[in-house]
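Asks: Quick one: sequence plus predicted model below, questions after.
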Amino acid sequence: MISIYTQKEQGEEWLRRYRGCLPLFACVLGFTETGLIPEISAAGRTPEDRKYTACADAEFLYYGPEYKAQYPLPPLAAGASPVLISRAVFESLKIPVHLFNAGLPQPPAVPVIDLGGTAARCLSSGAAMEITTVHHLFKQGLLWGERLAANNQHKYVILGECVVGGTTTALAILTGLGIDAAGKVNSSHPICNHAQKWALVQAGLEKMRGSREQGAGGDEGAGGENFTLSSSSSSSPVNPLQLVAAVGDPMQVVVAGMAIAASRSCGVMLAGGTQMLAVYALISAIAQTYALLWQPEEVVVGTTRWVAEDPTGATVDLALSLEKASLTQSGRTPPLLATHLSFADSRYPQLRAYEQGFVKEGMGAGAACIAAHLSQNWQQHQLLAAIEAQLERLSTASY
């Protein structure tokens, strides 16, 4: 039910350690105006729909299919939101869910922890966020990572995300950290729009380099409550937090902070594909640049088979590329795990669309299935039945 694609021994050891444990789920919601570019993402049919995808997913995850949502799930070109998968598992297993707003254009209509961030501008601007916002969000991530782990001794936390356009900001972060990621990332489209993503990333990184040459942006005033963000290697090619400010999104730095802090006392599963590999690279670079302690052997990346085996991306190759960059060596390559979940035999065309490459992952869907197998030994038929039941309830409630 679970495949390990990289770092097999470390992955098996992690699964052994947390078998039978029930995790808690923290989902970080964020937004980048990159997601409004026509055709950039399939997570919402129009750019207008995509403004509300994170709010809709958060409401569905929290309240379920019968609730009359303020932000209903947006129509997709094909497929159904991956939140159906996450909700099916978390509801059945009673896994606690914590939602964080790292920076959305509008507040979601659910109980969320507001981290005081802002939505990011398009990464092609080379000035996605203020550096002060990035420092603030990173510290919030460290703080909450510690809090989530403290209430969760001997278990693990799943850190998920919802950011429309997030695989493009992920490509920007990976490339900025010196990782060969072009043509390797995934998308919610059946055939990844690599050229479109790459053009945006090139534009953003070029503008960032231009402003660096003019001596813009420093690390002043970044002192934290219990540590100071002062870079130990000022000669490093790029400062990871400045990179996020230039071409990233608000979720990335929050999850990086959460994972660093949580890994010190419990297991961490980064829930997602391309986006979480970028977060993992960021964790390694931040820990190295600021000499922060974390436990790489406690951190794995968990996703779906549709991401890990996406024929139009190269997820496994991307995971293996992480250790080749000088800024991310402290973390090496993370174990990449994926659920075997299949919708080939589903009676719903919206779910069968996943087998054609639509949607693939989001809202911690892959990690939720891995957790169901780890804690309750759920097999394919149990997962499929629970997910189809969610979809059935949703279609009944919609009439």
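Replies: Perfect, thanks for sending it. Quick caveat, the model's predicted, so the values are computed rather than measured.
Asks: any idea how far residue 238 is from residue 209?
Replies: Distance, residue 209 to residue 238, by C-beta to C-beta, to the nearest Å: 9 Å. All C-beta spots, glycine's among them, are computed from the backbone N, C-alpha and C.
Asks: Look at residue 302 and give its secondary structure.
Replies: Secondary structure, DSSP: H, G, I helix; E, B strand; the rest coil: residue 302 is strand.
Asks: start the count at 31, not 1, going forward
Replies: Right, with 31 as the first residue, what we last looked at is residue 332.
Asks: show me what contacts it?
Replies: 188, 299, 300, 301, 367, 368, 369, 396, 397, 400 (C-beta atoms under 8 Å, 6 or more residues apart in numbering).
Asks: Just the pLDDT for it.
Replies: Per-residue pLDDT puts residue 332 at 98.
Asks: which non-adjacent residue is nearest it?
Replies: Once flanking residues are discounted, residue 332 sits nearest to residue 397: 3.9 Å by C-beta to C-beta, 6 or more residues apart in numbering.
Asks: buried subset of the contacts of residue 332?
Replies: 188, 299, 300, 301, 367, 368, 369, 396, 397, 400 (16 or more other C-beta atoms under 10 Å).
Asks: Please list the members of those residues that lie in strands.
Replies: The strands, defined by DSSP state E, take in 188, 299, 300, 301, 367, 368, 369 from those.
Asks: mind checking pLDDT for the residue nearest to residue 194 when sequence neighbours are not counted?
Replies: Spatial nearest neighbour of residue 194, excluding adjacent residues (C-beta to C-beta, 6+ apart): residue 65 at 3.6 Å. In this model, residue 65 is scored at 96, pLDDT.
Asks: Tally up the residues packed near residue 65, please.
Replies: Residue 65: 26 surrounding residues under other C-beta atoms under 10 Å.
Asks: how about it, secondary structure?
Replies: Quick answer, by three-state DSSP: residue 65 is helix.
Asks: Then the one 3 residues further on?
Replies: Assigned state for residue 68: coil (three-state reduction, three-state DSSP).
Asks: if I pick it, what's in contact with it?
Replies: So residue 68 contacts residue 77 (C-beta under 8 Å, 6+ apart).
Asks: Could you report the separation of it from residue 158?
Replies: Residue 68 is 19 Å from residue 158, by C-beta to C-beta.
Asks: for residue 404, same thing?
Replies: Applying C-beta to C-beta, the value for residue 404 to residue 158 is 36 Å.
Asks: who's more crowded, those two?
Replies: The neighbour comparison of residue 404 against residue 158 (other C-beta under 10 Å) goes to residue 158, with 29 against 24.
Asks: Need the per-residue pLDDT for that one.
Replies: For residue 158, the predicted pLDDT is 98.
Asks: mind checking which helix or strand it is in?
Replies: If you go by DSSP states H and E, residue 158 is not part of any helix or strand.
Asks: contacting residues around the residue nearest to it when sequence neighbours are not counted?
Replies: The shortest distance from residue 158 to any non-neighbouring residue, by C-beta to C-beta, 6+ apart, is to residue 150 (4.1 Å). Residue 150 is in contact with 60, 61, 62, 63, 64, 133, 158, 159, 199, 278, 279, 280, counting by C-beta under 8 Å, 6+ apart.
Asks: Give me the distance between residue 150 and residue 189.
Replies: With C-beta to C-beta as the criterion, residue 150 and residue 189 are 19 Å apart.
Asks: How about residue 197?
Replies: Distance from residue 197 to residue 189, by C-beta to C-beta: 17 Å.
Asks: ok, so of the buried ones among the contacts of residue 332, who is nearest residue 50?
Replies: Nearest to residue 50 among the buried ones among the contacts of residue 332: residue 400, at 13.5 Å, using C-beta to C-beta.
Asks: for the closest one, what are its contacts?
Replies: 32, 299, 332, 367, 368, 369.
Asks: Which one of residue 197 and residue 189 is surrounded by more residues?
Replies: residue 189 (33 against 29).
Asks: Can you name the residues bridging to the more buried one?
Replies: Beta-bridge pairing for residue 189 (DSSP bridges): residue 56, residue 300.
Asks: Low-confidence ranges, this protein, go.
Replies: Scanning the chain for pLDDT under 70 picks out the ranges 183-184, 245-266, 358-361, 429.
Asks: Please write out the alpha-carbon positions of the one helix or strand residue 306 maps to in CSV.
Replies: Using DSSP H and E, residue 306 sits in helix 304-320. These are the backbone C-alpha positions of helix 304-320, laid out as CSV (Å, rounded to 0.1, in the frame of the first residue of the first chain):
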residue,chain,number,x,y,z
THR,A,304,6.9,19.0,-5.9
GLN,A,305,5.9,21.7,-3.3
MET,A,306,7.1,19.6,-0.3
LEU,A,307,10.4,18.7,-2.0
ALA,A,308,10.9,22.5,-2.4
VAL,A,309,10.1,23.0,1.3
TYR,A,310,12.5,20.2,2.2
ALA,A,311,15.2,21.9,0.2
LEU,A,312,14.4,25.2,1.9
ILE,A,313,14.6,23.5,5.3
SER,A,314,18.1,22.2,4.5
ALA,A,315,19.2,25.6,3.2
ILE,A,316,17.7,27.6,6.1
ALA,A,317,19.2,25.2,8.7
GLN,A,318,22.6,25.4,7.1
THR,A,319,22.5,29.2,6.6
TYR,A,320,21.3,30.0,10.1
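Asks: Check which helices and strands it sits against.
Replies: If you count contacts as 3 or more C-beta pairs under 8 Å, 6 or more residues apart in numbering; DSSP states H and E, helix 304-320 packs onto helix 196-206, helix 270-277, helix 280-292, strand 297-301, strand 329-334, helix 345-351.
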